[in-house]
Structure formats: structure tokens, C-alpha cells
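> All I have is the shape, not the residue letters:
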């Protein structure tokens, strides 16, 4: 059996996953990166995107995260996500509604902080749209 790393994915709502896996590929703000057994310790921020969990040399889980942080060491990878859900649970109509709401908030923004919040919401909605597009292409 291949070496494993303990992967924990936590959102503000709950612990979404806690299991031994071979590898986890995450959407870092500087680009995608992977956590495997004996990884050097590091902390990284995450951009909106998809975490891919590997077992038996294949992707077993695809989980959308709206951003957050990853802490990695030799035995463990912990992701603290702002929002997280399995890709297959993303609702296309809900994503469209989020895109429209974010665009409206951007159009209505009166301060730089409001514009930044709207841009962040837009980035999350666009990443969700890309995730479900990628999921359809994978099947």
C-alpha cells in the first residue's frame, strides 16, 4: 500500500473530510500545489477552485473551495476553507444567480471596499462555474 497523509478539510459549518489519502492537489494563490507524505512544512493561501483528493493513484474526490488556507507538514494536510462543497453538489442555477448578484453588487458598489467584496464574490462564482464545467468534461 502506498504511503498516505492525513487530510482534513474544515469549513466554518463543519468538518467535511478527515481521512488518509495518497495526495491532495490544491488551488494555491500562486498556482496549484500538492501535499504528499513527508512534505516539507508550509502554510499557503488558497484561491477559489477545486481540491482533488487522490487514492489508489486516481482522483477520488473533487471539492470546491471558495478560498482559505492550507497547512501542511510531513504527516498531515489541513485545509481551512471559507466555503466548501463537493463539486457534484454545485447547482448550475445557483451559480448563475451568484454571478448575477455579484455583477449587480459590482455595478452598485460605491466604495472601494464594496467593489473588492463584489469582485471576490464574482471570482468565487466564476470558479464554481469552471468547476462544474470541468466536472461535466471529466464524465
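Arrived safely, thanks for sending. The shown structure was predicted, so the numbers you read here are calculated from the model rather than taken from an experiment.
> helices or strands up against the top helix by length along the chain?
Ranked by residue count and defined by DSSP state H, the top helix of the chain is helix 112-138. Using 3 or more Cβ pairs under 8 Å, 6 or more residues apart in numbering; DSSP states H and E as the contact test, the elements touching helix 112-138 are strand 49-55, strand 58-65, helix 92-108. (Each C-beta comes from the backbone N, C-alpha and C, glycine too.)
> from the ones you listed, which stretch is densest packed?
The highest mean neighbour count among the helices and strands packed on helix 112-138, using mean count of other Cβ atoms under 10 Å, belongs to strand 49-55: a mean of 21.
> Residue 59 is in contact with residue 34, isn't it?
No - in this structure, residue 59 is not within contact of residue 34 by Cβ atoms under 8 Å, at 12.0 Å.
> quick one: common contacting residues for those two?
In the contact map built from Cβ atoms under 8 Å, 6 or more residues apart in numbering, no residue is linked to both residue 59 and residue 34.
> re the thing from before, identify each buried residue in the longest helix of the chain, please.
118, 120-125, 127-129, 131-132, 135 (16 or more other Cβ atoms under 10 Å).
> With pLDDT and distance to residue 86 added, can I get the residues you listed in TSV?
Formatted as TSV, the entries for these read as follows, by pLDDT from 0 to 100; distance: Cβ to Cβ, whole Å:
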residue	pLDDT	distance to residue 86
118	94	26
120	93	22
121	94	21
122	94	22
123	94	20
124	94	16
125	94	17
127	94	15
128	94	12
129	93	16
131	93	10
132	90	11
135	53	10
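> now, which of those sits nearest residue 25?
When the buried residues of helix 112-138 are compared for distance to residue 25 (Cβ to Cβ), residue 131 wins out at 13.5 Å.
> For the closest one, give its distance to residue 26.
As defined by Cβ to Cβ, to the nearest Å, residue 131 lies at a distance of 13 Å from residue 26.
> who's in contact with residue 59?
When contacts are counted by Cβ under 8 Å, 6+ apart, residue 59 is found next to 52-53.
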